[in-house]
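> Any chance you could fold what I've pasted below:
(chains A and B)
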Amino acid sequence: MTYQLSHYDEHILDLLPAYLNGRLDITNIERVRAHLARCEACRRELSSWQAVQGTAQAVVAFAPLPSLNIMNQVLAKIDTQEVQAQQRKRRSISRDAAHLWLVFKRQIPLIHKSIWIAAVGVNILMLALIAFSRPDVRHHLQNVETVLAFFSTVTAATGIAFIYQAEQDAGYEIILATPTSIRIIMICRMVLVIGFNLLLTAITSGIIAFTLGGNLWDFVQLWLGPMLLLASISLTVSVTLGSVFGVAASLIIEVIQAIFSSAERTAPGLQFLRMNIGQATPFTLILAFILLAFAIYYAPRQPRLSNS
Amino acid sequence: MSMQTQHIQPVADERQVIRRIAIGDRDALAELYACYQRTLFNYLLQLTPDHGLAEEILQDTLVAVWKSAQSFEGRSSVRTWLIGIARRQAHNTLRQRRLPLADETEMEGLVATDPEPEAWTLASFARDELAAAFRQLAALHREVLVLTFVQELSYQETATILEVPVGTVKSRLSNARRALRAQLDGREEANP
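Numbers count the residues shown, from 1 in each chain, chains lettered A, B, ... in the order given. The predicted model follows:
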């Protein structure tokens, strides 16, 4: 009689612990049972494992329990760690603020000097124009308004066009080499240039309002909306097409605006043609905000575009 | 196989408890602890004989559970997840204090393919003798025996906790049994 070694005759030693702890799948359980039925050596192995199982369970059954106050200590530890985490968070927020302030301050020398000089010069020029013009022209407030709105807006828009451009920016390579986000740098520069222009034009408006008489807020309303909108258009065009296009776009818009403005004065029926950017309306401000958001979103892509 | 059904029944509730812990429910943490204090503490006592140290690691384990409950994806059972966390906490603490880690003394052998001789059977020994020998085993061997025979984990679950392949779990089990046998032989020689 020939004896053939079947599947069930292979020893199943490595399956025995899992067979005992009930974690064997049904196929293997059948295989183990079939083998055990015909193999005495493996039955002995199983009883050995049963002894190990019983020992492990008995040893653990007599093991002590942990102290009753464990949970209180755990909650105390959690409290301590949460307080520490909050302190760390506060520290990191103040560190971030300090870093942002440093980045902001460092932008002042990095922004092209001509932007500051031009803004100051234009404001002095505006004052001079108004001061030395013929008294009848000067006292015609609409002329003063036109001068103020035109010059202040163009200056701000032109300045903004140059805050972020590879060719004009000496510190550009440094920006690219530092981990500080280009967006943050752009926002800092924008705040600086627009803030500087706002401040200067507000001072100029104050001087005009004081000398010619009139409400300061009426003057401010004339240029605030156009300045923000044109600055944002200028920035958007300059990051997408280049500074020169930014300046050109803002000049074209401003000239069209001026033409319509004077046409409107001679023929009031044309008023509907005029784009309503003449004042700080919610529409103007929202449009300015959307354009700025786009420019800031777009900024980090620009170096890659210019490198390609 | 009754133990297996016990494992399966509370699964839905347990996962609910973990979700509650994840959203900051301290009562849920206390509930989980009530269910698993024995499991975790027994397991930790295999890794360190120091009762106080085991309690400290148990506390750290619960703090870690509190912090990482959000990352529990339910790919393993709650039991496996908890024991895995306890093991990592134990290893961190033991390493920091320069105490011996379970892994360091391992001499992996192959799983025996032939049954051992008749005279080697452990069934003939008395319970206390076996228990005394068990307590003398290396942490590495006590650990795998407790996971298999007390926690009744599958090879795969044990492998996940120990961060080793399934084959290593099998060979470690057979090494552990051989080590137990060697302890008993040593005792017999000492007290004939």
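> mind checking pLDDT for A:Thr266?
In this model, A:Thr266 is scored at 61, pLDDT.
> Three-state assignment for the spatially most central residue of chain A, please.
Computing the C-alpha centroid of chain A and ranking residues by C-alpha atoms, centre = their mean puts A:Arg183 first, at 6.9 Å. On the three-state scheme (DSSP: H, G, I helix; E, B strand; the rest coil), A:Arg183 is labelled helix.
> just A:Pro66 next, same as before
Assignment for A:Pro66 (three-state DSSP): coil.
> One more: A:Val83?
helix.
> Could you list every helix and strand in contact with the helix or strand hosting B:Ile161?
Using DSSP states H and E, B:Ile161 falls within helix B:155-162. Judged by 3 or more C-beta pairs under 8 Å, 6 or more residues apart in numbering or on different chains; DSSP states H and E, the packing partners of helix B:155-162 are helix B:78-96, helix B:139-149, helix B:166-190. In short, each C-beta sits where N, CA and C put it, glycine included.
> ok, now how distant is B:Phe72 from B:Glu157?
Going from B:Phe72 to B:Glu157 by C-beta to C-beta, to the nearest Å gives 15 Å.
> Low-confidence stretches in the chain?
As the question left the chain open, I've gone with chain A. A:1-9, A:134-143, A:164-178, A:261-281, A:300-308 (pLDDT under 70).
> right idea, wrong chain: chain B
B:1-12, B:101-113, B:118-119, B:187-192.
> In it, which residue sits closest to chain A?
Closest residue of chain B to chain A, C-beta to the nearest C-beta: B:Pro115 (3.6 Å).
> unless I'm mixing things up, that residue is touching A:Ala41, no?
Yes. Assessed by C-beta atoms under 8 Å, B:Pro115 is found in contact with A:Ala41 at 3.6 Å.
> Who has more neighbours out of these two?
Counted by other C-beta atoms under 10 Å in any protein chain shown, B:Pro115 and A:Ala41 do not tie: B:Pro115 has more neighbours, with 19 against 14.
> how about the more buried one, secondary structure?
The three-state label given to B:Pro115 by three-state DSSP is coil.
> tell me the contacts of it?
Going by C-beta atoms under 8 Å, 6 or more residues apart in numbering or on different chains, B:Pro115 touches A:His11, A:Leu13, A:Cys39, A:Ala41, A:Cys42, A:Arg44, A:Glu45.
> element containing the closest residue to chain B within chain A?
Of all residues in chain A, A:Ala41 sits closest to chain B, at 3.6 Å by C-beta to the nearest C-beta. Taking DSSP H and E as the definition, one finds A:Ala41 inside helix A:40-61.
> Return the distance of that helix from the chain's centre.
For helix A:40-61, the separation from the chain centroid amounts to 64 Å (computed by C-alpha atoms, centre = their mean, to the nearest Å).
> go on, stretch B:85-101?
14 Å.
> just stretch A:104-120 next, same as before
Distance of stretch A:104-120 from the chain centroid (C-alpha atoms, centre = their mean) equals 23 Å.
> now swap in stretch A:77-92 and tell me
Its chain's C-alpha centre and that of stretch A:77-92 lie 26 Å apart, by C-alpha atoms, centre = their mean.
> in it, what counts as buried?
Neighbour-count burial for stretch A:77-92, counted by 16 or more other C-beta atoms under 10 Å in any protein chain shown, picks out A:Ile78.
> Does that stretch reach chain B?
Yes. Using C-beta under 8 Å from any C-beta of the partner chain, stretch A:77-92 comes into contact with chain B via A:Lys77, A:Ile78, A:Gln81.
> B:Gln46: which of those is nearest?
Among these, A:Lys77 lies closest to B:Gln46 (C-beta to C-beta), at 23.6 Å.
> Between the two ends of stretch B:131-141, what distance do you get?
14 Å (C-alpha to C-alpha, to the nearest Å).
> circling back: residues of the helix holding A:Ala41 that come out buried?
For helix A:40-61, a neighbour-count test (16+ other C-beta under 10 Å) marks A:42, A:44-46, A:48-49, A:51-56, A:59-60 as buried.
> what angle do it and helix B:166-190 make?
Counting by axes from the mean of the first three to the mean of the last three C-alpha atoms, to 10 degrees, helix A:40-61 lies at 80 degrees to helix B:166-190.
> Which strands or helices does helix A:40-61 pack on?
Against helix A:40-61 (3+ C-beta pairs under 8 Å, 6+ apart) you get helix A:16-20, helix A:26-38, helix B:127-136, helix B:139-149, helix B:166-190.
> That's all I had, so thanks and see you.
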